[in-house]
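**Q** Based on what follows, work out the 3D shape:
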Amino acid sequence: MALSMNRNMTRWIIIVASFIIISLILWNTYAFFQNFKAEERSKMQIWSSAQTEFLNSENNPNLDLILEILNSNTSTPVLVVINETGTVGNTNNIDDSEIKDSIAVKKLISKFKAENKPIEVMIDDEVYSTIYYGYSPLLNKLKYYPLALLLIIFLFAAVAYFFYKSSKTADQNKLWTGMAKETAHQIGTPLSSLVGWTEILRSEHVNPDYLIEIEKDISRLQMITDRFSKIGSIPTLAKSDIVKETIDSFEYLKVRSSKLINFKITTPEQPLFVDLNKQLYSWTIENLVKNAIDAMKGKGTLKLAITHDDKLVKITVEDSGKGITKQNYNSIFQPGYTTKRRGWGLGLSLAKRIIEDYHNGKIKVLHSEIGKGTTMQISLKLIS
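**A** Presented below is the predicted three-dimensional model:
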(Lines give C-alpha, C1' and ligand atoms only; values in the text may rest on other atoms or scores of the structure.)
Protein backbone atom coordinates (compact mmCIF):
# COMPACT_ATOMS: atom_id res chain seq x y z
CA MET A 1 0.00 0.00 0.00
CA ALA A 2 2.78 2.41 1.05
CA LEU A 3 4.80 1.46 -2.04
CA SER A 4 1.81 2.17 -4.30
CA MET A 5 1.27 5.57 -2.62
CA ASN A 6 4.96 6.44 -3.04
CA ARG A 7 4.78 5.54 -6.75
CA ASN A 8 1.69 7.69 -7.24
CA MET A 9 3.36 10.58 -5.38
CA THR A 10 6.48 10.25 -7.55
CA ARG A 11 4.35 10.28 -10.72
CA TRP A 12 2.53 13.41 -9.61
CA ILE A 13 5.81 15.13 -8.73
CA ILE A 14 7.18 14.31 -12.20
CA ILE A 15 3.97 15.54 -13.87
CA VAL A 16 3.91 18.82 -11.90
CA ALA A 17 7.65 19.39 -12.43
CA SER A 18 7.26 18.75 -16.18
CA PHE A 19 4.33 21.17 -16.34
CA ILE A 20 6.36 23.88 -14.54
CA ILE A 21 9.38 23.37 -16.83
CA ILE A 22 7.20 23.50 -19.97
CA SER A 23 5.44 26.64 -18.68
CA LEU A 24 8.79 28.34 -18.00
CA ILE A 25 10.09 27.45 -21.47
CA LEU A 26 6.94 28.78 -23.13
CA TRP A 27 6.97 31.96 -21.04
CA ASN A 28 10.64 32.64 -21.78
CA THR A 29 10.00 32.02 -25.47
CA TYR A 30 7.08 34.48 -25.40
CA ALA A 31 9.20 37.08 -23.54
CA PHE A 32 12.06 36.63 -26.01
CA PHE A 33 9.61 37.01 -28.91
CA GLN A 34 8.25 40.26 -27.47
CA ASN A 35 11.76 41.64 -26.86
CA PHE A 36 12.86 40.72 -30.37
CA LYS A 37 9.70 42.30 -31.76
CA ALA A 38 10.40 45.52 -29.79
CA GLU A 39 13.97 45.54 -31.13
CA GLU A 40 12.69 45.21 -34.71
CA ARG A 41 10.25 48.04 -34.02
CA SER A 42 13.14 50.22 -32.86
CA LYS A 43 15.13 49.40 -36.02
CA MET A 44 12.14 50.22 -38.23
CA GLN A 45 11.67 53.57 -36.48
CA ILE A 46 15.31 54.36 -37.24
CA TRP A 47 14.71 53.22 -40.83
CA SER A 48 11.62 55.47 -41.09
CA SER A 49 13.63 58.43 -39.72
CA ALA A 50 16.26 57.80 -42.38
CA GLN A 51 13.46 57.70 -44.95
CA THR A 52 12.19 61.07 -43.71
CA GLU A 53 15.67 62.59 -43.81
CA PHE A 54 16.20 61.25 -47.32
CA LEU A 55 12.98 62.87 -48.55
CA ASN A 56 13.48 66.20 -46.73
CA SER A 57 16.98 67.05 -47.94
CA GLU A 58 18.54 66.62 -51.33
CA ASN A 59 22.02 67.95 -50.33
CA ASN A 60 22.24 66.34 -46.92
CA PRO A 61 25.89 65.91 -45.89
CA ASN A 62 24.90 62.67 -44.15
CA LEU A 63 23.39 61.21 -47.30
CA ASP A 64 25.83 58.30 -47.37
CA LEU A 65 24.91 57.37 -43.78
CA ILE A 66 21.20 57.68 -44.57
CA LEU A 67 21.54 55.41 -47.59
CA GLU A 68 23.54 52.94 -45.54
CA ILE A 69 20.72 52.81 -42.95
CA LEU A 70 18.07 52.38 -45.67
CA ASN A 71 20.05 49.57 -47.27
CA SER A 72 20.81 47.86 -43.95
CA ASN A 73 17.41 46.20 -43.75
CA THR A 74 17.96 42.81 -45.34
CA SER A 75 15.33 40.73 -43.53
CA THR A 76 12.23 42.67 -42.48
CA PRO A 77 9.61 42.95 -45.27
CA VAL A 78 8.65 46.63 -45.77
CA LEU A 79 5.99 48.25 -47.94
CA VAL A 80 5.78 52.07 -48.23
CA VAL A 81 2.47 53.56 -49.40
CA ILE A 82 2.30 57.20 -50.62
CA ASN A 83 -0.74 58.64 -48.84
CA GLU A 84 -1.64 61.25 -51.47
CA THR A 85 -1.92 58.77 -54.33
CA GLY A 86 -2.42 55.53 -52.39
CA THR A 87 0.24 53.88 -54.53
CA VAL A 88 3.20 51.82 -53.46
CA GLY A 89 6.28 53.99 -53.19
CA ASN A 90 8.98 51.44 -52.58
CA THR A 91 9.40 48.02 -51.00
CA ASN A 92 12.06 46.01 -49.26
CA ASN A 93 12.40 42.22 -48.95
CA ILE A 94 9.14 41.59 -50.82
CA ASP A 95 8.81 39.60 -54.04
CA ASP A 96 8.17 41.81 -57.09
CA SER A 97 5.33 39.58 -58.33
CA GLU A 98 3.28 40.41 -55.21
CA ILE A 99 3.64 44.16 -55.76
CA LYS A 100 2.20 43.97 -59.30
CA ASP A 101 -1.05 42.46 -58.02
CA SER A 102 -3.27 45.04 -56.27
CA ILE A 103 -5.20 42.34 -54.41
CA ALA A 104 -1.95 40.82 -53.15
CA VAL A 105 -0.82 44.30 -52.01
CA LYS A 106 -4.03 44.77 -49.99
CA LYS A 107 -3.56 41.38 -48.37
CA LEU A 108 0.04 42.23 -47.49
CA ILE A 109 -1.02 45.53 -45.93
CA SER A 110 -3.70 43.77 -43.86
CA LYS A 111 -1.20 41.14 -42.76
CA PHE A 112 1.47 43.70 -41.83
CA LYS A 113 -1.06 45.84 -39.92
CA ALA A 114 -2.04 42.75 -37.90
CA GLU A 115 1.62 42.04 -37.08
CA ASN A 116 2.92 45.54 -36.38
CA LYS A 117 1.57 49.05 -35.99
CA PRO A 118 2.31 51.10 -39.16
CA ILE A 119 4.79 54.00 -38.97
CA GLU A 120 3.91 57.35 -40.52
CA VAL A 121 6.55 59.41 -42.40
CA MET A 122 6.05 63.15 -41.82
CA ILE A 123 7.15 65.95 -44.23
CA ASP A 124 6.28 69.56 -43.41
CA ASP A 125 4.02 68.37 -40.56
CA GLU A 126 1.96 66.29 -42.94
CA VAL A 127 1.80 62.54 -43.42
CA TYR A 128 3.62 61.91 -46.65
CA SER A 129 3.66 58.10 -46.58
CA THR A 130 2.93 55.13 -44.33
CA ILE A 131 5.37 52.32 -43.68
CA TYR A 132 3.89 48.86 -43.27
CA TYR A 133 6.23 46.13 -42.13
CA GLY A 134 5.88 42.48 -41.13
CA TYR A 135 7.78 39.89 -39.17
CA SER A 136 11.26 38.97 -40.30
CA PRO A 137 11.91 35.28 -41.17
CA LEU A 138 13.64 34.81 -37.81
CA LEU A 139 10.69 36.30 -35.92
CA ASN A 140 8.28 34.11 -37.87
CA LYS A 141 10.24 31.01 -36.87
CA LEU A 142 10.31 32.17 -33.28
CA LYS A 143 6.55 32.74 -33.38
CA TYR A 144 5.90 29.11 -34.26
CA TYR A 145 8.56 27.72 -31.93
CA PRO A 146 6.14 27.26 -28.95
CA LEU A 147 3.74 25.30 -31.19
CA ALA A 148 6.58 23.08 -32.41
CA LEU A 149 7.71 22.61 -28.80
CA LEU A 150 4.19 21.66 -27.68
CA LEU A 151 3.90 19.21 -30.59
CA ILE A 152 7.22 17.55 -29.65
CA ILE A 153 6.14 17.35 -26.00
CA PHE A 154 2.77 15.91 -27.01
CA LEU A 155 4.41 13.26 -29.22
CA PHE A 156 6.89 12.40 -26.47
CA ALA A 157 4.04 12.11 -23.92
CA ALA A 158 2.05 9.93 -26.34
CA VAL A 159 5.01 7.60 -26.91
CA ALA A 160 5.63 7.40 -23.14
CA TYR A 161 1.93 6.70 -22.50
CA PHE A 162 1.69 3.96 -25.12
CA PHE A 163 4.92 2.41 -23.86
CA TYR A 164 3.56 2.44 -20.30
CA LYS A 165 0.19 1.11 -21.45
CA SER A 166 1.67 -1.70 -23.53
CA SER A 167 4.07 -2.61 -20.73
CA LYS A 168 1.21 -2.72 -18.24
CA THR A 169 -0.95 -4.76 -20.63
CA ALA A 170 1.92 -7.21 -21.22
CA ASP A 171 2.35 -7.66 -17.45
CA GLN A 172 -1.38 -8.23 -17.03
CA ASN A 173 -1.40 -10.76 -19.87
CA LYS A 174 1.47 -12.64 -18.25
CA LEU A 175 -0.42 -12.66 -14.95
CA TRP A 176 -3.67 -13.91 -16.51
CA THR A 177 -1.82 -16.51 -18.56
CA GLY A 178 -0.04 -17.79 -15.47
CA MET A 179 -3.27 -17.93 -13.48
CA ALA A 180 -5.07 -19.74 -16.30
CA LYS A 181 -2.36 -22.38 -16.68
CA GLU A 182 -2.22 -22.87 -12.90
CA THR A 183 -6.01 -23.28 -12.84
CA ALA A 184 -5.79 -25.93 -15.56
CA HIS A 185 -3.09 -27.70 -13.56
CA GLN A 186 -5.15 -27.62 -10.36
CA ILE A 187 -8.29 -28.94 -12.08
CA GLY A 188 -6.33 -31.80 -13.62
CA THR A 189 -5.82 -33.73 -10.35
CA PRO A 190 -9.47 -34.04 -9.19
CA LEU A 191 -10.51 -34.59 -12.80
CA SER A 192 -8.31 -37.69 -13.04
CA SER A 193 -9.87 -38.89 -9.80
CA LEU A 194 -13.39 -38.38 -11.18
CA VAL A 195 -12.53 -40.49 -14.22
CA GLY A 196 -11.43 -43.26 -11.86
CA TRP A 197 -14.57 -43.03 -9.76
CA THR A 198 -16.68 -43.25 -12.93
CA GLU A 199 -15.08 -46.60 -13.74
CA ILE A 200 -15.82 -47.81 -10.21
CA LEU A 201 -19.47 -46.76 -10.52
CA ARG A 202 -19.71 -48.58 -13.85
CA SER A 203 -18.44 -51.77 -12.22
CA GLU A 204 -21.09 -51.34 -9.50
CA HIS A 205 -23.81 -51.44 -12.18
CA VAL A 206 -25.09 -47.91 -11.52
CA ASN A 207 -27.87 -46.64 -13.80
CA PRO A 208 -26.14 -46.08 -17.21
CA ASP A 209 -28.11 -42.84 -17.77
CA TYR A 210 -26.45 -41.35 -14.70
CA LEU A 211 -23.04 -42.41 -15.92
CA ILE A 212 -23.66 -40.89 -19.35
CA GLU A 213 -24.41 -37.47 -17.79
CA ILE A 214 -21.43 -37.75 -15.44
CA GLU A 215 -19.18 -38.56 -18.40
CA LYS A 216 -20.54 -35.56 -20.27
CA ASP A 217 -19.63 -33.31 -17.36
CA ILE A 218 -16.18 -34.91 -17.09
CA SER A 219 -15.71 -34.35 -20.82
CA ARG A 220 -16.78 -30.75 -20.32
CA LEU A 221 -14.29 -30.30 -17.48
CA GLN A 222 -11.55 -31.75 -19.66
CA MET A 223 -12.44 -29.25 -22.38
CA ILE A 224 -12.38 -26.37 -19.86
CA THR A 225 -8.97 -27.55 -18.66
CA ASP A 226 -7.81 -27.63 -22.26
CA ARG A 227 -9.11 -24.08 -22.78
CA PHE A 228 -7.22 -22.69 -19.81
CA SER A 229 -4.04 -24.55 -20.65
CA LYS A 230 -4.01 -23.01 -24.14
CA ILE A 231 -4.40 -19.39 -22.96
CA GLY A 232 -1.35 -17.38 -24.01
CA SER A 233 -0.57 -19.62 -26.98
CA ILE A 234 -1.76 -19.24 -30.57
CA PRO A 235 -4.85 -21.47 -31.04
CA THR A 236 -5.06 -23.97 -33.88
CA LEU A 237 -7.93 -23.41 -36.32
CA ALA A 238 -9.42 -26.23 -38.37
CA LYS A 239 -12.21 -26.49 -40.92
CA SER A 240 -15.35 -27.20 -38.88
CA ASP A 241 -19.10 -27.23 -39.25
CA ILE A 242 -20.18 -24.25 -37.19
CA VAL A 243 -23.81 -25.38 -37.21
CA LYS A 244 -22.94 -28.64 -35.43
CA GLU A 245 -20.55 -26.97 -32.97
CA THR A 246 -23.12 -24.31 -32.09
CA ILE A 247 -25.90 -26.87 -31.57
CA ASP A 248 -23.66 -29.05 -29.37
CA SER A 249 -22.72 -26.13 -27.12
CA PHE A 250 -26.29 -24.83 -27.00
CA GLU A 251 -27.83 -28.20 -26.14
CA TYR A 252 -25.27 -28.86 -23.39
CA LEU A 253 -26.11 -25.53 -21.73
CA LYS A 254 -29.84 -26.01 -22.25
CA VAL A 255 -29.92 -29.30 -20.27
CA ARG A 256 -27.99 -27.73 -17.38
CA SER A 257 -29.88 -24.44 -17.15
CA SER A 258 -33.04 -23.38 -15.36
CA LYS A 259 -36.28 -24.92 -16.60
CA LEU A 260 -37.76 -21.41 -16.50
CA ILE A 261 -35.67 -20.51 -19.54
CA ASN A 262 -37.41 -21.11 -22.86
CA PHE A 263 -34.59 -22.14 -25.22
CA LYS A 264 -35.11 -21.75 -28.98
CA ILE A 265 -32.61 -22.44 -31.75
CA THR A 266 -32.91 -21.88 -35.51
CA THR A 267 -30.20 -23.20 -37.80
CA PRO A 268 -29.76 -24.06 -41.49
CA GLU A 269 -30.16 -27.71 -42.44
CA GLN A 270 -26.91 -27.82 -44.40
CA PRO A 271 -23.48 -27.60 -42.75
CA LEU A 272 -21.57 -24.30 -42.85
CA PHE A 273 -17.78 -24.48 -42.68
CA VAL A 274 -15.44 -21.96 -41.08
CA ASP A 275 -11.89 -22.00 -39.71
CA LEU A 276 -12.58 -22.73 -36.06
CA ASN A 277 -11.05 -23.66 -32.75
CA LYS A 278 -13.86 -25.77 -31.31
CA GLN A 279 -12.95 -25.37 -27.63
CA LEU A 280 -12.61 -21.59 -27.79
CA TYR A 281 -15.75 -21.15 -29.89
CA SER A 282 -17.70 -23.29 -27.43
CA TRP A 283 -16.40 -21.05 -24.66
CA THR A 284 -17.70 -17.98 -26.51
CA ILE A 285 -21.21 -19.45 -26.93
CA GLU A 286 -21.15 -20.45 -23.28
CA ASN A 287 -20.29 -16.90 -22.20
CA LEU A 288 -22.98 -15.34 -24.40
CA VAL A 289 -25.67 -17.79 -23.20
CA LYS A 290 -24.71 -17.40 -19.53
CA ASN A 291 -24.72 -13.61 -19.82
CA ALA A 292 -28.16 -13.78 -21.44
CA ILE A 293 -29.46 -16.00 -18.61
CA ASP A 294 -28.02 -13.60 -16.01
CA ALA A 295 -29.66 -10.64 -17.79
CA MET A 296 -33.04 -12.43 -17.57
CA LYS A 297 -32.39 -13.40 -13.90
CA GLY A 298 -32.98 -17.06 -14.74
CA LYS A 299 -36.38 -16.61 -16.36
CA GLY A 300 -37.33 -15.70 -19.92
CA THR A 301 -36.79 -16.60 -23.59
CA LEU A 302 -33.40 -17.22 -25.13
CA LYS A 303 -33.14 -17.52 -28.91
CA LEU A 304 -30.10 -18.58 -30.90
CA ALA A 305 -30.14 -18.29 -34.69
CA ILE A 306 -27.65 -18.98 -37.47
CA THR A 307 -27.95 -17.16 -40.80
CA HIS A 308 -25.53 -16.73 -43.67
CA ASP A 309 -24.85 -15.11 -47.03
CA ASP A 310 -22.17 -15.79 -49.64
CA LYS A 311 -19.30 -14.63 -47.43
CA LEU A 312 -20.33 -14.61 -43.78
CA VAL A 313 -22.12 -16.76 -41.24
CA LYS A 314 -23.85 -14.84 -38.44
CA ILE A 315 -24.74 -16.27 -35.04
CA THR A 316 -27.17 -14.23 -32.94
CA VAL A 317 -28.01 -14.79 -29.26
CA GLU A 318 -31.17 -12.96 -28.20
CA ASP A 319 -32.54 -12.68 -24.67
CA SER A 320 -35.56 -11.04 -23.06
CA GLY A 321 -33.56 -9.49 -20.23
CA LYS A 322 -32.97 -6.01 -18.87
CA GLY A 323 -31.17 -4.66 -21.96
CA ILE A 324 -28.11 -2.43 -22.39
CA THR A 325 -27.92 1.32 -22.93
CA LYS A 326 -26.42 2.33 -26.27
CA GLN A 327 -23.52 4.14 -24.60
CA ASN A 328 -22.42 0.84 -23.05
CA TYR A 329 -22.39 -1.17 -26.31
CA ASN A 330 -18.58 -1.06 -26.42
CA SER A 331 -17.97 -0.89 -22.66
CA ILE A 332 -19.37 -4.36 -22.02
CA PHE A 333 -16.41 -5.87 -23.90
CA GLN A 334 -13.83 -4.17 -21.68
CA PRO A 335 -12.09 -6.34 -19.05
CA GLY A 336 -13.61 -5.84 -15.61
CA TYR A 337 -16.94 -4.43 -16.82
CA THR A 338 -19.81 -6.14 -15.01
CA THR A 339 -23.24 -5.27 -13.62
CA LYS A 340 -23.28 -8.31 -11.32
CA ARG A 341 -22.37 -8.14 -7.64
CA ARG A 342 -20.15 -11.14 -8.13
CA GLY A 343 -18.05 -11.65 -11.19
CA TRP A 344 -14.80 -10.52 -12.74
CA GLY A 345 -16.27 -9.06 -15.91
CA LEU A 346 -14.07 -11.17 -18.18
CA GLY A 347 -16.64 -13.25 -20.11
CA LEU A 348 -17.40 -10.85 -22.95
CA SER A 349 -13.81 -9.60 -23.01
CA LEU A 350 -12.64 -13.17 -23.61
CA ALA A 351 -15.37 -13.68 -26.20
CA LYS A 352 -14.22 -10.59 -28.11
CA ARG A 353 -10.61 -11.73 -28.03
CA ILE A 354 -11.52 -15.26 -29.17
CA ILE A 355 -13.69 -14.08 -32.07
CA GLU A 356 -11.78 -11.02 -33.28
CA ASP A 357 -8.12 -11.78 -32.43
CA TYR A 358 -8.08 -15.54 -32.97
CA HIS A 359 -10.79 -16.06 -35.61
CA ASN A 360 -10.62 -12.70 -37.47
CA GLY A 361 -14.35 -12.28 -36.98
CA LYS A 362 -16.58 -9.67 -35.39
CA ILE A 363 -18.71 -9.65 -32.24
CA LYS A 364 -21.01 -6.80 -31.31
CA VAL A 365 -24.29 -5.76 -29.73
CA LEU A 366 -26.66 -5.95 -32.68
CA HIS A 367 -29.63 -4.47 -30.86
CA SER A 368 -30.74 -3.77 -27.31
CA GLU A 369 -33.68 -2.11 -25.63
CA ILE A 370 -33.99 -1.40 -21.93
CA GLY A 371 -36.50 -3.74 -20.31
CA LYS A 372 -36.97 -5.79 -23.49
CA GLY A 373 -33.69 -7.56 -24.13
CA THR A 374 -30.44 -7.71 -26.06
CA THR A 375 -29.25 -9.36 -29.26
CA MET A 376 -25.56 -10.22 -29.61
CA GLN A 377 -24.08 -11.10 -33.00
CA ILE A 378 -20.99 -13.06 -34.07
CA SER A 379 -19.80 -12.85 -37.69
CA LEU A 380 -17.28 -15.31 -39.17
CA LYS A 381 -15.99 -15.86 -42.70
CA LEU A 382 -17.31 -18.89 -44.55
CA ILE A 383 -14.91 -21.24 -46.32
CA SER A 384 -15.72 -23.70 -49.06
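**Q** any idea how far V159 is from the closest residue to I22 other than its chain neighbours?
**A** Nearest non-adjacent residue to I22, counting by CB to CB, 6 or more residues apart in numbering: I153, 6.2 Å away. The way it works is simple: take the backbone N, C-alpha and C, and place the C-beta from them, glycine included. Distance, I153 to V159, by CB to CB, to the nearest Å: 11 Å.
**Q** Name the SS class of the residue nearest the centre of the chain, please.
**A** Centroid-nearest residue in the chain, with CA atoms, centre = their mean: F162, separated by 10.3 Å. Three-state assignment for F162 (DSSP: H, G, I helix; E, B strand; the rest coil): helix.
**Q** Help me confirm that S379 is found in a strand?
**A** Yes: the assignment for S379 by three-state DSSP puts it in a strand.
**Q** That one touches N360, doesn't it?
**A** No: counting by CB atoms under 8 Å, S379 stays clear of N360, with 10.2 Å between them.
**Q** Need the phi and psi values for T325.
**A** phi -70, psi 150 (degrees, to the nearest 10).
**Q** That should have said T76, apologies.
**A** Per degrees, to the nearest 10, the backbone of T76 is at phi -80, psi 130.
**Q** Find the nearest non-adjacent residue to it, please.
**A** Excluding the flanking residues, the one nearest T76 by CB to CB, 6+ apart is S136, at 4.7 Å.
**Q** Give me the neighbour count for that neighbour.
**A** Residues lying near S136 (other CB atoms under 10 Å) number 19.
**Q** what does I265 give?
**A** 14.
**Q** what does I247 give?
**A** 16.
**Q** do P335 as well
**A** 16.
**Q** Am I right that it falls within a strand?
**A** No: counting by three-state DSSP, P335 is located in no strand; its state is coil.
**Q** Which residue is the nearest non-sequential neighbour of it?
**A** The shortest distance from P335 to any non-neighbouring residue, by CB to CB, 6+ apart, is to S349 (4.4 Å).
**Q** Also R41?
**A** N116 (6.7 Å).
**Q** wait, what's in contact with that neighbour?
**A** By CB atoms under 8 Å, 6 or more residues apart in numbering, N116 lies in contact with 37, 40-41, 44, 132-135.
**Q** repeat that with 7 Å
**A** Going by CB atoms under 7 Å, 6 or more residues apart in numbering, N116 touches 41, 133-134.
**Q** Could you export those residues as a markdown table, including pLDDT?
**A** Output for the contacts of N116, formatted as a markdown table (pLDDT from 0 to 100):
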| residue | pLDDT |
| --- | --- |
| R41 | 84 |
| Y133 | 86 |
| G134 | 84 |
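**Q** returning to that earlier point: report all helices and strands that the strand or helix carrying the residue nearest to P335 contacts.
**A** Assessed by DSSP states H and E, S349 sits inside helix 347-352. Helices and strands touching helix 347-352, by 3 or more CB pairs under 7 Å, 6 or more residues apart in numbering; DSSP states H and E, are helix 278-295.
**Q** Name the residues that touch the helix it packs on?
**A** Contacts with helix 278-295, where a contact means CB under 7 Å, 6+ apart, come from 223, 226-227, 235, 240, 245-246, 249-250, 253, 257, 261, 302, 317, 319, 321-322, 340, 347-348, 350-351, 354-355, 358, 374, 376.
**Q** And the next helix or strand past that helix?
**A** Beyond helix 278-295 toward the C-terminal end (DSSP H and E), the next one is strand 300-308.
**Q** what angle sits between that next one and helix 278-295?
**A** 140 degrees (axes from the mean of the first three to the mean of the last three CA atoms, to 10 degrees).
**Q** So which residues make contact with the helix or strand that strand 300-308 is followed by?
**A** As assigned by DSSP H and E, the chain's next helix or strand after strand 300-308 is strand 312-319. Residues outside strand 312-319 that contact it (CB under 7 Å, 6+ apart) are 242, 246, 272, 274, 288-289, 292, 295-296, 300, 302-308, 366, 373-382.
**Q** can you pull out the strands in the protein?
**A** Ranges of strands within the chain are 78-82, 88-92, 119-123, 126-133, 238-241, 261-266, 273-276, 300-308, 312-319, 362-369, 373-381, based on DSSP state E.
**Q** The fourth one: which residues count as buried?
**A** With burial defined by 16 or more other CB atoms under 10 Å, the residues of strand 126-133 counted as buried are 128-133.
**Q** Then the first one?
**A** Within strand 78-82, the residues that count as buried by 16+ other CB under 10 Å are 78-81.
**Q** Could you measure from the residue nearest to R41 over to M44?
**A** Relative to M44, N116 is positioned 8 Å away (CB to CB).
**Q** Likewise for N262?
**A** 87 Å.
**Q** ditto for L382
**A** 75 Å.
**Q** ditto for I131
**A** Following CB to CB, the distance that separates I131 from M44 is 7 Å.
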